[in-house]
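[1] Next comes the sequence, and after it the predicted model I'd like to discuss.
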Amino acid sequence: MESFRITFIYDKSFDGLLTAVFESFEHRQIPDAITGSADVPAELWNEPVLITTDCNKSDRVWYALVKCISSATANRFFRIHYSGIEGIDLPLFRLIRKIFEKGPGILENHADPDVLAIKKADRRVSREAERVAQFVRFQKTADNIYFAAFEPDYDVIPMVLGHFRDRFADQRWIIYDMRRKKGYYYNGHELQWVTLTSDRISSSGDVDPLVLSADEILFQRLWQQYFRSICIDQRLNLQLHRQKIPKKYWKYLTEKKQ
């Protein structure tokens, strides 16, 4: 006889995932799938289980997880989940369960499919966050705010905010995620989450010249001229160039807008 297939349904938050881990142990249920949508296809052998986020339960799981592994590794799990990689919920859920069941040594078992999936996801997220830090280009507006737009594959801009806050601590700036329509504004003291509806920002993140600082366009042209002057056509290696700077980022790079 066909056994029931258990599907956990949660709110896609990390607290919700940790609550699901708690409920799994408490009710001795191991789901076959985890989804963030209540719109689960009706199947004869499917048993949906609604997980209601409970911060008390998620906190207990979090503190136990930090005690079992480390805060750095636990925070990596949070970043991986937050980044929004499609289908990462179930491997992450199963790995957290395995850490409690088998101990932290499971993280060194590279033959385990969940360990492998999380390590691959961690590399992808870390690489994308590094590229945001490398490739962000600021544009200075007339009111002395530095604006930069980007379109990362994953939701990683929050992971690099500390880098920019330390590097540009005495300036006001906005880093905006064009794909997710949200950004972060630093006013010189604290960070604030923002959304923009202005028609003065193009789809490629360009600020309308009418609201740019008087010297911004000059600086952009000087940077583009410098970029052209150091490029030796005879030594141009486009394959290596695309490897180091993937083409999907070019439309946000000042030196490529020429």
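    Happy to help now that I have it.

[2] Only C-alpha atoms from now on, for both contacts and neighbour counts.
    Noted.

[3] Break the chain into its domains for me.
    The chain resolves into domains spanning 5-128, 136-256 when parsed by automatic domain parsing.

[4] roughly how far is the first one from the heart of the chain?
    Here domain 5-128 is found 17 Å from its chain centre; the criterion is C-alpha atoms, centre = their mean, to the nearest Å.

[5] and for whichever strand or helix holds residue 17, what are the contacting residues?
    Element membership of residue 17, judged by DSSP states H and E, is helix 14-27. Contact with helix 14-27 is made by 8, 10, 29-31, 51-55, 57-59, 61-62, 78, 81-82, 89, 93, 96-97, as judged by C-alpha atoms under 8 Å, 6 or more residues apart in numbering.

[6] Low-confidence ranges, the stretch 101-250 of the chain, go.
    Within the stretch 101-250 of the chain, no range satisfies pLDDT under 70.

[7] all helices for it, in order.
    Using DSSP state H, counting those that start in this stretch, the helices of the stretch 101-250 of the chain run over 113-135, 157-167, 216-229, 238-244.

[8] Which of those has the highest mean neighbour count?
    When these are scored by mean count of other C-alpha atoms under 10 Å, the highest mean neighbour count falls to helix 113-135 (a mean of 17).

[9] helices and strands around that one, which ones?
    Judged by 3 or more C-alpha pairs under 8 Å, 6 or more residues apart in numbering; DSSP states H and E, helix 113-135 is in contact with helix 71-82, helix 89-102, helix 157-167.

[10] what angle separates that helix from helix 157-167?
    Put simply, helix 113-135 runs at 40 degrees to helix 157-167, going by axes from the mean of the first three to the mean of the last three C-alpha atoms, to 10 degrees.

[11] what's the spacing between the residue lying closest to residue 97 once chain neighbours are set aside and residue 31?
    Excluding its sequence neighbours, the residue lying closest to residue 97 (C-alpha to C-alpha, 6 or more residues apart in numbering) is residue 21, at 6.8 Å. As judged by C-alpha to C-alpha, to the nearest Å, residue 21 and residue 31 stand 10 Å apart.
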